[in-house]
Structure formats: C-alpha cells, structure tokens
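> give me a 3D structure for the following:
(2 chains)
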Amino acid sequence: MAPRWRELREAYPRIVTGMVLGIAVLLLTDLVLAYKRVQYGRELARMRAAMKETERRRVDAIAASEENRLAIAVELARRQALGDTELHLVVDTENGLLCLERQGARLREMRVRLGQEATVGTPPDVVLLAPPLGKRSVARVVDGSYRWAVPEWVYVERGWPVPGDRQIPGALGPLAMFLDSGAVLYSRPAVGPLSDVSYVLPGSVRAEAPDFEAIRENLQPGMAVYFH
Amino acid sequence: MDERAPVENPKITANVARFFGHSGGAAIQIIGILLALTAASIALLVHTAGVRFRRDLARLALEDRLEVLDSAR
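Okay, here's the model as predicted:
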C-alpha cells in the first residue's frame, strides 16, 4: 500500500507539521555538526603534521585511554574560572568570545577572533602556534607606544618583504597583552602586518580596540586568563 | 491490598491505532525518518566530540602542557 502523505497531513495537520519541523531541525543540527567535524578534522590534521612521530604516538596512546580525563580537565578549568574571586578573563575559543568575569559574574563580553594554528619558521626549526587551552596569566600589558619586534615569519606568511627594522610602534594595536605562554591578546592595529582585518596572528586572540579600551583599567600583569 | 488492573483509555488507544493505520503507512514512515535522523545526529555528535577531543589533546601536546590532565586526578 503506497503511503498517502497528503491524506495524513489533512487528517493530522499539527502532528505532521511538528514532525516535519523536527526533521528540519535534525537536518540542520547534522549540517552544523558536519561542518564542525570538518573544521576540527582540518585543525587536527594540521597539528599532527607539525608533530614528530614520537609525539603523535604519545598523543594516540593518551587518546586511547584518557578521553574522560581531558573532558574533566577542561571542565575543571571552566569551573576554576567560575570560582575565581579575582577579576579574570575567559576566552571561549568555541564561540569566539572574550569575557571579563569575577566569580562567574560576566562583567563584559566581547567578540574576538582567534588566530588559526600555523606552523612557523624554517625546517628543522619549526614551531606550531595554536590557541592555548586551560589557565594562563597576563605577563605584560602594553599600549600603542610599544615597539613590537614583528617576527620575521609574520612578514613571510603575509607575503610582505621583510624590512631591516622590524620594531614597529603600535604594531599590536592601542592595547595588547602578552601571556605567560607567549600568546598575545591584541587589538587591531592601524599599522604593520597585523593591520589587515582578515589576518589574525596564529595562536593569538584579536579583539576590537574599543572593547579593549573599555576594560583597560582592569588589565593587570598576573591576571588569570582561562581558555576553554 | 487493593490491586487494580491498569485501565486503558479506549479513546486514546483507538486514536493511536487510527494514526498509525492511516494513509498507507505514511505515519510509520515519517516516524521512521525521525528516529533514523535522531540516531544519525547522536552518532555524528559523538564522532565530532571525539575529533574535538583529539584536537584539544594535540593542542596540549604541542604546547607541552599535558600536565593539564593531571589536574583531573
């Protein structure tokens, strides 16, 4: 017996509409999941390509045994941030958000862009820069007068000629923070190779200058920054 | 002890039977599609979470911060 869709729709319009909506939502969810799967897969492939064989084996061994523990560790970092009574920053790498928080209270939320992972340097001295994970702290806060020695690889990556003097005042924007891991949280500068709106320094975080300006007084060396 | 047999509501039973018997199995098909899609979504979610976990692990390894795992002990 052939199914008679129209008849069902006419007999049960609300139920059928609900089911069709359910199917649409599930299909949309699958599309989002598939997109994220491809994104994660690409990032993973890039990182594995930058690893040595021994590192790859080590990671595979841990992956086989410690899945739950990493999930717990990341959750711990999140909870640690919630319980932190000092003013701190939280970077939600998944949603591209930087938040100023205290004990779970969100005082300010700003959109940020995270730099993709990138392998920099010339072989055999190559380094893979990836956004941090877990707890970090602010090592130094600098303003627009800071003369940042732009690494040579930034010019190479951007396809720009490497100048003789790579120290550019304001190359990290009006306000920037160096973390203890070496990663940088910066605002978009008006000069230098980071001024391009489409380019974010690999392994770092870029915010909009007005957002950083608004929390300028709160940014201190030693301040915790939680990445999750 | 007062043990009573569960009372079936004949109206509901008849409605359910009519819904499933309606339209040449169209109702069964649409429910089948919903169930299959739900199963596929769950499988994709689990798989994606696994890939994300391996990415996070690779990130920690490259940062040489696998001690983060110890914090969960």
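
> which helix of chain A spans the most residues?
helix A:13-50 (DSSP state H).

> how about chain B?
Under DSSP H, chain B gives helix B:26-62 as its longest helix.

> and that one with helix A:13-50, angle?
Interaxial angle of helix B:26-62 relative to helix A:13-50 (axes from the mean of the first three to the mean of the last three CA atoms, to 10 degrees): 20 degrees.

> check whether helix B:26-62 comes into contact with chain A.
Yes: against chain A, helix B:26-62 shows contacts by CB under 8 Å from any CB of the partner chain at B:26-27, B:29-31, B:33-34, B:37-38, B:40-41, B:44-45, B:47-48, B:50-62. For every residue, glycine as well, the C-beta is placed using N, CA and C.

> quick one: list the elements packing against that helix.
Counting contacts by 3 or more CB pairs under 8 Å, 6 or more residues apart in numbering or on different chains; DSSP states H and E, helix B:26-62 packs against helix A:5-11, helix A:13-50, helix A:53-65, helix A:67-83, helix B:10-21.

> hmm, who's touching the third one?
For helix A:53-65, the external contacting residues (CB atoms under 8 Å, 6 or more residues apart in numbering or on different chains) are A:48, A:51, B:53, B:54, B:57, B:58, B:61, B:62, B:66, B:69.

> mean confidence for it?
For helix A:53-65, mean pLDDT is 78.

> and if you look at the shortest one?
For helix A:5-11, the per-residue pLDDT values average out at 79.

> so where's chain A uncertain?
The model of chain A has pLDDT under 70 over residues A:1-3, A:65-77, A:79-80, A:123-125.

> for residue A:150, which non-adjacent residue is spatially closest?
Using CB to CB, 6 or more residues apart in numbering or on different chains and skipping the chain neighbours, the partner closest in space to residue A:150 is residue A:166 (4.8 Å).

> what does residue A:209 give?
Nearest to residue A:209 is residue A:187, by CB to CB, 6+ apart, at 4.0 Å.

> likewise residue A:19?
Residue A:19's closest residue in space is residue B:30 (CB to CB, 6+ apart), at 5.2 Å.

> contact partners for that neighbour?
A:8, A:16, A:19, A:20, A:23.

> just the buried residues from the residues you listed, in ChimeraX please.
Selecting only the buried entries of the contacts of residue B:30 in ChimeraX, with 16 or more other CB atoms under 10 Å in any protein chain shown as the criterion:
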select /A:8,16,19,23
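
> residues contacting the closest residue to residue B:31 other than its chain neighbours?
What sits nearest to residue B:31 in space, not counting adjacent residues and going by CB to CB, 6+ apart, is residue A:19, at 7.4 Å. Going by CB under 8 Å, 6+ apart, residue A:19 touches B:30, B:31, B:34.

> residues near residue B:17, how many?
By other CB atoms under 10 Å in any protein chain shown, the residues close to residue B:17 number 10.

> and if you look at residue A:107?
11.

> one more: residue A:78?
The number of residues near residue A:78, taken as other CB under 10 Å, comes to 13.

> what does residue A:51 give?
Neighbours of residue A:51 (other CB under 10 Å): 16.

> which residues sit in contact with it?
A:59, A:128, B:58, B:61, B:62.

> tell me which two of those residues sit farthest apart.
With distances taken as CB to CB, the most widely separated pair in the contacts of residue A:51 is A:59 and A:128, at 12.8 Å.

> now the angle from the helix or strand bottoming out on mean pLDDT in chain B to helix B:26-62?
Among the helical and strand segments of chain B, the one scoring lowest on mean pLDDT, DSSP states H and E is helix B:10-21, with a mean of 72. Angle of helix B:10-21 versus helix B:26-62, following the same axes, to 10 degrees, is 80 degrees.

> in helix B:10-21, what's buried?
residue B:19.

> extract the CA atoms of that helix and return them as CSV.
What follows is helix B:10-21, C-alpha atoms only, in CSV (Å, rounded to 0.1, in the frame of the first residue of the first chain):
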residue,chain,number,x,y,z
PRO,B,10,-10.2,3.1,24.7
LYS,B,11,-10.3,6.5,23.1
ILE,B,12,-6.6,7.1,23.2
THR,B,13,-5.9,3.5,22.0
ALA,B,14,-8.3,4.0,19.1
ASN,B,15,-6.7,7.3,18.2
VAL,B,16,-3.2,5.9,18.2
ALA,B,17,-4.3,2.9,16.1
ARG,B,18,-6.1,5.2,13.6
PHE,B,19,-3.0,7.4,13.4
PHE,B,20,-0.7,4.5,12.6
GLY,B,21,-3.1,2.8,10.3
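
> cool, thanks, talk later.
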